[in-house]
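J.: Compute the structure for the input listed below.
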Amino acid sequence: MNFAAAGTVFKKELTDGIRDRRAVMTAMVFPILGPAMIYFMFNALIDLRKDLEEIEVAVIGREHAPAMIDWLTQHNVTFKDVTEDPKQAVRDKIHDMVLVIPAGFQHRFAQSRSAVVELVNDGSRTDARNAVGQIRNLITSYGRQIGAFRLVSRGVSPEITQAVIVQNIEVASKQQIAARILNVIPMYIVLAAFVCGMGLAVDSTAGERERATLEALLINPVRRTQIVIGKWLAASLFAAVGILLTLFLCFFTLKKVPLEEIGLSFTLGWGQIVGMLAAVFPLAFMATGLQLLLGIFAKSFKDAQSYIGVLVLIPVLPGIIGTLYPIQGKAWMNLVPALGQHILLMDVVGGKAPAIWNFVVSGITALLVALVCVKLTAYLFRRERIIFSR
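T.: Have a look, this model is predicted:
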């Protein structure tokens, strides 16, 4: 096949795409928006972690448990005495929580009996949930320490209450743990393959059909396959550039986030960058091939966007499933487009070195799907009912 005509169509579509603000915005805004969102999300997480290091608690009856108050103060908890109704104060969001220490606390405590305190809180408030959990854990820890001291004072070893102790031995590296927490990044990079080339793919099919310029292109003595290949490669280039930009901006952003403040250690070398690009680049061709195929059925650019919007589920589903149910990589998963790429990205980000054949199989599978879509689109370009229907 002579690809000179395909090259001409490629240049024409690329030129039109660069001039088209809508296509450029689709390709460039997404890679910029994602890293910005990641930056603010992780900085908010770090700020929340810092807020938990110093918690202010409204308290009633502080004088009834001076020892416990002193212990909590040593653990960066500050107290504010209040007199209003604790339940109403929490309902009105005057305080995140109110610790109520009853008058009989010290008496029961001195008798080595269980002393009860009340922690009034609103479980529907997500903004206060972490602080409430932190205070609850601290009070529980204080109670366990006092219980151990009581056993020791009676000549009983505290170990008698701990029949079995679980000793946690972590075999995953800090890089792998960080990769699990940062799994939104591989999902976002895969998503870039489906978003960044979408504007050009839709405009070169449904858009041209809506503007009635597709017929003028098809009357040229050029094989339909060459025309589709030119459009496909131009859209794929937009998608590939979007992937590259998304990848570098995401990890540039992570370098600016102090992840060590939340106990994460994450580094990315050039070998990992190359591995991630090798894993995800074939999706750029598959995504634009699918978009061209769906776009040819749409009568307008708006209709095409509604059809192609369903394709966004393809890269998102593996990430969502992997978050809820951790996916153990199997050989057959490389044959499933998007899923195989997601697993490869997670392995590479986690510092693992997947076998070369995993990249080859997943890449070939994605390219085969792309070529089938291109072939079907070229076939549909030969059908007058598809091209001329309005």
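
J.: Around Ser124, count how many other residues there are.
T.: Residues lying near Ser124 (other C-beta atoms under 10 Å) number 7. Every C-beta, even on glycine, is put in place using the N, C-alpha and C of the backbone.

J.: tell me the secondary structure for it?
T.: coil (DSSP: H, G, I helix; E, B strand; the rest coil).

J.: measure it to Cys196 for me?
T.: 39 Å (C-beta to C-beta, to the nearest Å).

J.: Need the per-residue pLDDT for Trp232.
T.: pLDDT recorded at Trp232 is 91.

J.: Wait, it touches Thr288, no?
T.: Yes - with contact defined as C-beta atoms under 8 Å, Trp232 counts as touching Thr288 (5.9 Å).

J.: Can you work out which other helices and strands pack against the host helix or strand of Ala239?
T.: Remark: Ala239 resides in helix 224-256, with elements defined by DSSP states H and E. Applying 3 or more C-beta pairs under 8 Å, 6 or more residues apart in numbering; DSSP states H and E, we find helix 224-256 packed against helix 4-19, helix 21-53, helix 184-195, helix 198-202, helix 214-218, helix 270-295, helix 356-381.

J.: Show me the one of the ones you listed that comes nearest Ile169.
T.: helix 21-53 (25.0 Å; C-beta to C-beta).

J.: and the closest one, average pLDDT?
T.: 71.

J.: in the following helix or strand past it, what counts as buried?
T.: With elements assigned by DSSP H and E, the helix or strand that comes after helix 21-53 is strand 55-60. Using 16 or more other C-beta atoms under 10 Å as the test for burial, strand 55-60 gives 55, 57-60.

J.: What lies in contact with whatever helix or strand comes next after strand 55-60?
T.: Moving toward the C-terminus from strand 55-60, the first helix or strand encountered (DSSP H and E) is helix 66-74. With contact meaning C-beta atoms under 8 Å, 6 or more residues apart in numbering, helix 66-74 is reached by 57, 59, 62, 79, 101, 135, 138-139, 142.

J.: so when I look at Gln328, I'm seeing a helix, right?
T.: No - Gln328 is assigned coil when assessed by three-state DSSP, not a helix.

J.: Pairing partners for the nearest residue to Val82 once chain neighbours are set aside in the sheet, please.
T.: Distances taken as C-beta to C-beta, 6 or more residues apart in numbering place Ala58 nearest to Val82, at 4.6 Å, with adjacent residues excluded. Going by DSSP bridges, Ala58 is paired in beta bridges with Lys80, Val98.

J.: Tell me how far Ala58 lies from Ser124.
T.: 18 Å.

J.: repeat for Asp96
T.: In terms of C-beta to C-beta, Asp96 sits 12 Å off from Ser124.

J.: Give me the buried subset of the contacts of helix 66-74.
T.: Buried members of these, scored by 16+ other C-beta under 10 Å, are 57, 59, 101, 135, 138-139, 142.

J.: Please identify which of the residues you listed is nearest to Tyr307.
T.: Nearest to Tyr307 among the buried ones among the contacts of helix 66-74, with distances taken as C-beta to C-beta, is Ile135, at 51.2 Å.

J.: residues contacting that closest one?
T.: Per C-beta under 8 Å, 6+ apart, neighbours of Ile135: 55, 57, 72, 77, 97, 99, 119.

J.: quick one: which of those residues is most hemmed in?
T.: Ranking the contacts of Ile135 using other C-beta under 10 Å puts Leu99 first, with 26 neighbours.

J.: Put the alpha carbons of stretch 68-81 into CSV.
T.: Provided in CSV are the C-alpha atoms of stretch 68-81 (Å, rounded to 0.1, in the frame of the first residue of the first chain):
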residue,chain,number,x,y,z
MET,A,68,-5.8,11.6,82.1
ILE,A,69,-6.0,15.3,81.0
ASP,A,70,-2.2,15.7,81.7
TRP,A,71,-1.5,12.5,79.7
LEU,A,72,-3.5,13.6,76.7
THR,A,73,-1.8,17.0,76.9
GLN,A,74,1.5,15.4,76.6
HIS,A,75,0.3,13.8,73.4
ASN,A,76,-0.4,17.2,71.7
VAL,A,77,-4.1,17.5,72.7
THR,A,78,-5.3,20.9,73.9
PHE,A,79,-8.5,21.4,75.8
LYS,A,80,-11.1,24.2,75.9
ASP,A,81,-13.6,24.3,78.8
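
J.: tell me the mean pLDDT for it?
T.: Rounded mean pLDDT across stretch 68-81 is 89.

J.: Also stretch 339-359?
T.: 83.

J.: Buried residues, that stretch. List them.
T.: Neighbour counts over stretch 339-359 (16+ other C-beta under 10 Å) mark 339-352, 354, 358-359 as buried.
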